[in-house]
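Participant: Take a look and give me a structure for this.
(chains A and B)
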There are 2 protein chains.
Amino acid sequence: MDVKQLGAFTAFADDKLKKHGVFATERFFLDVYCLKPGQVQKPHVHAGCDKVYVVLEGRCRFRVGEDSGEHGEGAAVLAPAGIEHGVENTSSQNARLLVLMTPPPPHA
Amino acid sequence: MDVKQLGAFTAFADDKLKKHGVFATERFFLDVYCLKPGQVQKPHVHAGCDKVYVVLEGRCRFRVGEDSGEHGEGAAVLAPAGIEHGVENTSSQNARLLVLMTPPPPHA
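Facilitator: Here you go, the predicted structure:
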């Protein structure tokens, strides 16, 4: 059985947000993103892929389309296909996100 | 922005596990399952859909194919397409799971 402990993905990087692969199939991938304060995933678009961010730890500012807002632990944010989205750790604490993408983008 | 607080899905049912819809698109759905002690999702198969269970709270026994095991908070369990899988709350405490299915099954 393929089981992963999300609490084990805790490595951060100094230069940019750190992505950890949890699961990946032809239908989706699930990652954990670790963002130090100030680290960012710049707004971008996936034409045919939905994304969900779930805040595991800390607090980040999310942008989806024209909207943006800060959300903390336990928040789930939907970034539908074709809508520009991004995230920034605007807090003073480390943040960890569970990130779903389905289907995986062609370039992944 | 479509944001849901996973901590808000806390209703349980006496007769069977309670499913709460979080997000649903043509590409996936994300639910929260609330299982009282002894409640179960019987083993079943989705031919072309992957499922992931993430334990939000409590502890459950998962079965995927021939394997089974108990996993607690923060565990992510992959049930790949075509593999029989199920879950049972074998503990004495309530359990809450985040459940991803992608793509959504035709009958959902």
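
Participant: Next, count neighbours for A:G82.
Facilitator: Using other CB atoms under 10 Å in any protein chain shown, A:G82 has 12 neighbouring residues. In short, each C-beta sits where N, CA and C put it, glycine included.

Participant: What of A:H44?
Facilitator: The burial count for A:H44: 11, using other CB under 10 Å.

Participant: Let's test this: what are the backbone torsions at it?
Facilitator: Main-chain torsions, A:H44, degrees, to the nearest 10: phi -150, psi 170.

Participant: what do you get for the one 5 residues further on?
Facilitator: Note on A:C49: its backbone torsions stand at phi -130, psi 130 [degrees, to the nearest 10].

Participant: Next: A:G82.
Facilitator: With angles defined as degrees, to the nearest 10, A:G82 shows backbone torsions of phi 90, psi 0.

Participant: my guess is A:K42 contacts A:E84, does it?
Facilitator: No: if you go by CB atoms under 8 Å, A:K42 and A:E84 don't touch, sitting 9.9 Å apart.

Participant: more neighbours, the two?
Facilitator: Comparing A:K42 with A:E84 by other CB under 10 Å, the one with more neighbours is A:E84, at 14 against 10.

Participant: so how far is A:R63 from that one?
Facilitator: Taking CB to CB, to the nearest Å as the criterion, A:E84 is separated from A:R63 by 7 Å.

Participant: can you list residues touching both of these two?
Facilitator: Residues touching both A:E84 and A:R63 (CB atoms under 8 Å, 6 or more residues apart in numbering or on different chains) are A:P43.

Participant: Could you count how many residues lie near A:S92?
Facilitator: For A:S92, the tally of surrounding residues (other CB under 10 Å) stands at 9.

Participant: beta partners of A:F29?
Facilitator: For A:F29, the beta-bridge partners under DSSP bridges are A:A24, A:M101.

Participant: which parts of chain A sit against chain B?
Facilitator: By CB under 8 Å from any CB of the partner chain, the residues of chain A that approach chain B are A:1-7, A:22-23, A:25, A:27-28, A:30, A:49-50, A:52, A:54, A:62, A:64-65, A:67-69, A:71, A:74-78, A:80-81, A:98, A:100, A:102-103.

Participant: mind redoing it with 7 Å?
Facilitator: Counting by CB under 7 Å from any CB of the partner chain, the residues of chain A close to chain B are A:1-7, A:22-23, A:25, A:27-28, A:30, A:50, A:52, A:54, A:62, A:64, A:67, A:69, A:71, A:74-78, A:80, A:100, A:102-103.

Participant: ok, of those, which come out buried?
Facilitator: A:1, A:4, A:6, A:22-23, A:25, A:27-28, A:30, A:50, A:52, A:54, A:62, A:64, A:71, A:75-78, A:80, A:100, A:102-103 (16 or more other CB atoms under 10 Å in any protein chain shown).

Participant: now, which of the residues you listed lie within strands?
Facilitator: Secondary structure defined by DSSP state E assigns A:4, A:22-23, A:30, A:50, A:52, A:54, A:62, A:64, A:71, A:75-78, A:100, A:102 of these to strands.
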